[in-house]
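In: heads up, no residue letters with this:
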């Protein structure tokens, strides 16, 4: 079985149940632009970085300034998350098992630093992450491979020794492009299958052994 060097967790929709909060934030902001968000917008909203979602809303509404919309999204999302972000089922048990086995883990998010710090200082306050990466910490964020490559480098590991745990198409694409093992636990959006991706229905079903098998799947792909 492959040696598991580290586990890199996405945040929104993976460790904490914030995807619904993000959708409501985007829905409200779209309404102020005179645009009604629908399910057809989901691929441009769920798992996307704030600037990408803001640009989509401005295009769809035919109104607004992208920078101003991005600022409004960030402020409203922070307010909602700061009020409380419940953990996803199984998250705490999996993190405890990794800690007990001495497997380091980090947080790799496409959310802004202010949102990451709110969650890590609140719902995940006692989780011993090696470090956290936000959308502000790399030149490009998900779906580009930069965040996962940066996280692996910070741990002193090749990406192929790390497993990323993701819930969205963009996040899975980012981790796969970086060369990480990929475990997908979908939340709001279906994630396309690939030879390099392993799927689970819930973090409650995830064990360190399954994460190690993800490395083998990625290597074979």
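Out: Everything's here; your move. Note that the structure is a prediction, hence the values are computed from the model and not measured.

In: Tell me which stretches of the chain form strands.
Out: 6-9, 105-108, 132-133, 162-166, 181-184, 197-199 (DSSP state E).

In: Return the distance of the third one from the chain's centre.
Out: In terms of C-alpha atoms, centre = their mean, to the nearest Å, the centre of strand 132-133 is set 11 Å apart from its chain centre.

In: Select, out of the strands of the chain, the one closest to residue 208.
Out: strand 6-9 (8.4 Å; C-beta to C-beta). C-betas here are computed from N, CA, C, even on glycine.

In: The closest one pairs with which strands?
Out: strand 105-108 (parallel), strand 162-166 (parallel) (DSSP bridges).

In: Let's have those strands in a markdown table, adding mean neighbour count and distance to residue 99.
Out: Shown next, in a markdown table, are the strands paired with strand 6-9 (neighbours: other C-beta atoms under 10 Å; distance: least, C-beta to C-beta, whole Å):
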| stretch | mean neighbour count | distance to residue 99 |
| --- | --- | --- |
| strand 105-108 | 25 | 8 |
| strand 162-166 | 30 | 15 |
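
In: To residue 13, which of those strands lies closest?
Out: strand 162-166 (8.7 Å).

In: quick check: mean pLDDT across the closest one?
Out: Averaged over strand 162-166, pLDDT sits at 98.

In: how close does the residue nearest to residue 157 when sequence neighbours are not counted sit to residue 172?
Out: Take residue 157 and drop its neighbours on the chain: the residue closest to it by C-beta to C-beta, 6 or more residues apart in numbering is residue 5, 4.3 Å away. Per C-beta to C-beta, to the nearest Å, residue 5 is found 19 Å from residue 172.

In: which other residues reach stretch 94-109?
Out: 4-12, 15, 115-116, 120, 124, 127-135, 147-148, 151, 154-155, 164, 203, 206-208 (C-beta atoms under 8 Å, 6 or more residues apart in numbering).

In: ditto for stretch 55-66
Out: So stretch 55-66 is contacted by 26, 29-30, 33-35, 41, 44-45, 48, 51, 54, 69 (C-beta under 8 Å, 6+ apart).

In: Any of these buried? List them.
Out: Buried members of the contacts of stretch 55-66, scored by 16 or more other C-beta atoms under 10 Å, are 26, 29, 30, 33, 35, 41, 44, 45, 48, 51, 54, 69.

In: so what are the domain limits for this protein?
Out: 6-17+86-220, 19-82 (automatic domain parsing).

In: Could you identify which of those is most buried?
Out: domain 6-17+86-220 (a mean of 20; mean count of other C-beta atoms under 10 Å).
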